[in-house]
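> Here is a sequence together with a model predicted from it:
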Amino acid sequence: MARKFFVGGNFKMNGTLQSIKDIVENLNKAQLDSNTETVIAPPALYLLQVRELLKKEIGVAAQNVYDKPNGAFTGEISVSQLKDSGVDWVILGHSERRTVLAESDETVASKTKYATENGVSVIWCCGESLEQREAGQTLAHIASQLAALKAQVSDWSRIVIAYEPIWAIGTGKVATTQQAQEVHAEIRQWLAKEVSQQVADDTRILYGGSVSEKNCKELSKEKDIDGFLVGGASLKPAFVDIINCKL
Ligand SMILES: O=C(CO)COP(=O)(O)O
């Protein structure tokens, strides 16, 4: 099965009602490559409105979800609430949530399990810090994040992996195509060895970290790069050029 190219836009905690409506309008009128799956992740407050205004061929993702069905969990959003609002995707394990909000590998895995088992697909993020890269620990670190995921998840069909080296996020310091390809290939090998060849062949592995309309084409040519998770550039009109980078 050929892996469909995937471009996600992670708005993080940015935008206003008006600026997000402008982004939606821009995407709605753009001619987008139908061979690329596109998903945008606005702040939670705007999910419902974005889903209502955005054309249906573009998916909508939350930036977090909780791993319980409902109840006394102030500030959290449930999987069924996402589905009820037409939101089919969620980003989990982003490094900002792992570091700033202290989410452990186990918490991320538990949320991923709960979401996928209840019908919401997950963009699951992993990646190393600059210190880990410089100490030669990149692959060991990512393997340990993947192992924590494997310990809880059995159905990988609803998971897209995003490799986001922390040192490349929001820094303008994009990984070289070789650096990205090398880690992507290692992740695929890990899946083949630890899960199955089928899952390794089918799972999309995205690159994230200072992706722009300028560097996306080069990165997209690498064999194991199946798309991008875009932060800052997803807020700009040039996001369309990233979505269309394979044309
Ligand atoms: O964290 C990211 C996407 O999830 C990447 O952010 P930037 O594209 O702004 O570097």
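That came through, no problem.

> contacts, neighbours, all on C-alpha from now
Noted.

> Next secondary structure element downstream of the longest helix seen in the chain?
Taking DSSP state H as the criterion, the chain has its longest helix at helix 177-194. Counting by DSSP states H and E, the element after helix 177-194 in chain order, helix or strand, is helix 197-202.

> Report the buried residues of that following helix.
Neighbour counts over helix 197-202 (16 or more other CA atoms under 10 Å) mark 199-202 as buried.

> from the middle of its chain, how far away would stretch 91-103 be?
Stretch 91-103 sits 12 Å away from the centroid of its parent chain (CA atoms, centre = their mean, to the nearest Å).

> what's in contact with that stretch?
With CA atoms under 8 Å, 6 or more residues apart in numbering as the test, stretch 91-103 has contacts from 41, 61-65, 104-105, 108, 111-112, 122-127, 164, 166.

> what about that stretch, how long is it end to end?
End-to-end distance for stretch 91-103, by CA to CA, to the nearest Å: 13 Å.

> same question for that stretch, mean pLDDT?
In this model, stretch 91-103 has a mean pLDDT of 97.

> now this protein, which segments are flagged as low pLDDT?
Along the chain, segments meeting pLDDT under 70 span 1.

> Which of the contacts of stretch 91-103 are buried? Put it as a ChimeraX command.
This is how ChimeraX selects the buried members of the contacts of stretch 91-103, with burial counted by 16+ other CA under 10 Å:
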select :41,61,62,63,64,65,105,108,111,112,122,123,124,125,126,127,164,166
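
> Strands - which of the contacts of stretch 91-103 land there?
41, 61-62, 122-126 (DSSP state E).

> Adding distance to the ligand, write those residues out as TSV.
Formatted as TSV, these follow (distance: CA to the nearest ligand atom, whole Å):
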residue	distance to the ligand
41	9
61	12
62	12
122	13
123	9
124	10
125	8
126	10
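
> Out of these, which is nearest to residue 74?
residue 62 (17.0 Å; CA to CA).

> check contacts around residue 5.
35-37, 204, 226-227 are the contacts of residue 5 under CA under 8 Å, 6+ apart.

> Return the residues of the protein in contact with the ligand.
10, 169-170, 208-211, 229-233 (CA under 6 Å from any ligand atom).

> Could you rerun that using 5 Å?
Residues of the chain found near the ligand (CA under 5 Å from any ligand atom) are 169-170, 208-210, 229-232.

> Report the two of these separated the most.
So, the residues of the chain next to the ligand by CA to CA: farthest apart are 170 and 229, at 12.0 Å.

> Which residue of these two possesses the greater neighbour count?
residue 229 (27 against 16; other CA atoms under 10 Å).
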